[in-house]
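*Asks:* I would like to see how this sequence folds:
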Amino acid sequence: MEIISAESPFAFPPCAATIGCFDGVHRGHRYLIEQVHREAQARGLQSTLVTFPVHPRQVMQSGYCPQWLTCLPQKKDLLQQEDADYCILLPFTHELSLLSARRFMELLHVRFNVQALVIGYDHRFGHNRSEGFEDYCCYGKELGMEVIHAQALEEDGLSISSSLIRNLLKEGDVARANRYLGYRYYLDGQVVSGYQVGRKLGFPTANLQPSCPDKLVPKEGVYAVYAYVEGKRYAGMLNIGSRPTIGNGTERSIEVHLIGFEGNLYQHALRVEFVQYIREEQKFEGIEALIAQLNRDKEEIARLLNHI
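*Replies:* Reported below is the predicted structural model:
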């Protein structure tokens, strides 16, 4: 796949395209991309994805925090694994937001040579998003563009979507979110200095500062994770929260203890993949009770990850 800025002078070949944020590049997105590729091949066209470098609501609503499943570099990496010919990065501007659905379709047709437009099962576009699939079909006929309705990927009686996965992560149900994503949800970042309390408790932790500040952090609590350092994978015990037993502030931290790791992780790049929610963060009666629980957590997580 070739990723191209919409502002480049590239001359696009005739294509079948779809448009969307593709946040998470989850199994539902991949099912849509498969449909685009299939429709393109059937018509002798190239397959193209049109997406936005920033969330449209960030342009329309000042201060909006999107809580991405994937920030742009991660999304591009995932999209490049898919079977499509081109991905167009289309900056979403205030001027673009004012275009009617017909004018937007005309832009796709004239600027990007879209001959067939595959519409996601629940996707709406254009100013006020007031029109639907039948309207798009009418505009397509006027423009000489075929409009195709994509099918949703359903599982457990639900259509797999970014909002569904986002809600599951907020509830701590990372195992189910992973199933719908098709991969383990992860956070990338750098290890920064923390309070260094874990070391005193016998559980040294790496304090992770995510590289993407707008990426969603799952519900507070304790998780079984895999942690990657310099290409090597470790079983990990991760806590998201404010360490209420220690009482050293209310600021949320993301701290992971790497089982079997010895060494200094400060300033290292780190990736953590969420596997299973273990328990809520809680305040214990004292340090001894906290240490006892951490030992139980470590044993449970080691068994879980060893089984996987």
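*Asks:* got the contact list for the closest residue to Arg30 other than its chain neighbours?
*Replies:* Nearest non-adjacent residue to Arg30, counting by C-beta to C-beta, 6 or more residues apart in numbering: Glu82, 6.3 Å away. C-beta here means a position set from N, CA and C on the backbone, and glycine is covered the same way. For Glu82, the contact set (C-beta atoms under 8 Å, 6 or more residues apart in numbering) comprises 1, 25, 30, 33, 49.
*Asks:* can you do 10 Å?
*Replies:* Counting by C-beta atoms under 10 Å, 6 or more residues apart in numbering, Glu82 makes contact with 1, 22, 25, 29-30, 32-34, 36-37, 47, 49.
*Asks:* And these, which of them are buried?
*Replies:* Neighbour counting by 16 or more other C-beta atoms under 10 Å classes 1, 22, 25, 29-30, 32-34, 36-37, 47, 49 among those as buried.
*Asks:* where do the strands sit along the stretch 101-250 of the chain?
*Replies:* 114-119, 146-149, 154-155, 158-159, 186-192, 206-210, 221-229, 232-241 (DSSP state E, counting those that start in this stretch).
*Asks:* Buried deepest among those, which one?
*Replies:* Highest mean neighbour count of the strands of the stretch 101-250 of the chain: strand 114-119, a mean of 24 (counted as mean count of other C-beta atoms under 10 Å).
*Asks:* which helix in this protein runs the most residues?
*Replies:* helix 287-307 (DSSP state H).
*Asks:* For that helix, buried residues please.
*Replies:* Buried, per 16+ other C-beta under 10 Å, within helix 287-307: 290, 294, 297-298, 300-301, 305.
*Asks:* ok, those residues vs Gln74, which is closest?
*Replies:* Leu305 (23.3 Å; C-beta to C-beta).
*Asks:* Could you pull up the residues touching the closest one?
*Replies:* Per C-beta under 10 Å, 6+ apart, neighbours of Leu305: 224-226, 233-237, 259, 275-276.
*Asks:* which of the residues you listed has the weakest pLDDT?
*Replies:* Of all the contacts of Leu305, Ile259 has the smallest pLDDT value, namely 92.
*Asks:* Among the contacts of Glu82, find the lowest-pLDDT one for me.
*Replies:* Met1 (90).
*Asks:* And the residue nearest the centre of this protein?
*Replies:* Leu69 (2.2 Å; C-alpha atoms, centre = their mean).
*Asks:* burial measure for the closest residue to that one other than its chain neighbours, as a count.
*Replies:* What sits nearest to Leu69 in space, not counting adjacent residues and going by C-beta to C-beta, 6+ apart, is Gly24, at 3.5 Å. Counted with other C-beta atoms under 10 Å, the neighbours of Gly24 add up to 27.
*Asks:* so Gly24 touches Gln67, yeah?
*Replies:* No - taking contacts as C-beta atoms under 10 Å, Gly24 lies outside contact range of Gln67: 11.1 Å.
*Asks:* which neighbours do those two share?
*Replies:* Common neighbours of Gly24 and Gln67 (C-beta under 10 Å, 6+ apart) are 162, 166, 169, 216.
*Asks:* Tyr226 bridge partners, please.
*Replies:* Ala235, Glu273 (DSSP bridges).
*Asks:* residues contacting it?
*Replies:* 184, 186, 233-236, 238, 256, 258, 271-275, 305, 308.
*Asks:* do the same with Arg166
*Replies:* 23-24, 66-69, 177, 216, 218.
*Asks:* Now, the buried ones among the contacts of Glu82 that are in strands?
*Replies:* In strands, defined here by DSSP state E, the members of these are 47, 49.
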